[in-house]
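> My questions are about this predicted structure, shown below with the sequence.
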Amino acid sequence: MTISKAMNMRLYIYPIAVIPLFLAGVALVIAFKAGGYLLPFTAVLAAAVALVSIAAIFRYTRPPIHVKQIPVENFSFWADVGEPGAELRHLSPDDLAAAARIAKADLGSLSSNADLLNARTSLLLGRREFVELVQEKFDGQTGRLSQDLHATVKRLGTGKELSVEVLNLIEQCASQADRIANKLYDFQQGKSELAHTYMEPLRRAAEKLSRDLRLVFTNVSDFVKSASTESKSS
């Protein structure tokens, strides 16, 4: 409930709660003067109305409770590259330079995502809820993935063509992302809701990075195979 809504509710609750309370008091006075069998019934009814009115006034007039918001690591800067390496399917097998540029661009975006995952992980590992991950040097795993992706992108930037060696590097990075996602999933089990809230965005990000790297691997692998077949036939 927003502050403005709470204020409006307080303005309306006073007459709504006080009027029944006043009417109950009037009815009680009349019944007391009249006497007879109506007096006990009227007294009980008036007491019930009084309790409800007082509870309503207390509920809506007490100071609002400020709930501390849980800071959830967001990934608003996450690069969405669609299907990484998909453009390779539109190239001819002998267009090796263009293929390397496409792979480099998509891997560069995924490398930036790995940097973001590493940065967000490092922020969380400073909290006491995640001391187990610190002891296991989990930040080293995310940092290594980031470094390996940068190395792969740099390799493609030196004029290297797509090759089996590059494929192996991409597959290794995908496996690292898999292990990170699995580690985060295992860590969440049996932990508090707070820890789960912190870790869930990281786990989803690691899984997304792994899927994207697998897609790059598949598309690059298909291109390398077609280029190799073209080379042998010529």
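Received it, and whenever you're ready, just let me know what you need. Residues are numbered from 1 along each chain as shown.

> Quick one: classify the closest residue in space to L96 that isn't next to it in sequence as helix, strand or coil.
Nearest non-adjacent residue to L96, counting by Cβ to Cβ, 6 or more residues apart in numbering: E161, 4.6 Å away. From N, CA and C alone the C-beta is placed, and that goes for glycine too. What DSSP: H, G, I helix; E, B strand; the rest coil gives for E161 is coil.

> Could you point out the longest helix of the chain?
Taking DSSP state H as the criterion, the chain has its longest helix at helix 193-233.

> For that helix, give the mean pLDDT please.
Here helix 193-233 scores 87 as its mean pLDDT.

> swap in stretch 130-144?
On average, stretch 130-144 scores 80.

> Going by neighbour count, which residues of it are buried?
F130, L133, F138, D139, Q141, T142, G143 (16 or more other Cβ atoms under 10 Å).

> Restricted to helices, list those residues.
Going by DSSP H, the helices hold L133, F138, D139, Q141, T142, G143 from the buried residues of stretch 130-144.

> okay, now the domains of the chain?
3-61, 86-233 (automatic domain parsing).

> between those domains, which gets the lowest average pLDDT?
domain 3-61 - the lowest mean pLDDT of the domains of the chain, at a mean of 58.

> one step back: isn't the residue nearest to L96 right up against R101?
No: assessed by Cβ atoms under 8 Å, E161 is found out of contact with R101, at 10.7 Å.

> Give the helix, strand or coil label for S92.
coil.

> could the buried residues of stretch 130-144 be laid out in a markdown table, adding distance to D186?
Formatted as a markdown table, the buried residues of stretch 130-144 follow (distance: Cβ to Cβ, whole Å):
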| residue | distance to D186 |
| --- | --- |
| F130 | 13 |
| L133 | 11 |
| F138 | 11 |
| D139 | 16 |
| Q141 | 13 |
| T142 | 15 |
| G143 | 20 |
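
> Which single one of the residues you listed is nearest to L215?
T142 (20.3 Å; Cβ to Cβ).

> neighbouring contacts of stretch 130-145?
114, 117-118, 121-122, 124-125, 173, 176-177, 179-180, 183, 187, 195, 198-199 (Cβ atoms under 8 Å, 6 or more residues apart in numbering).
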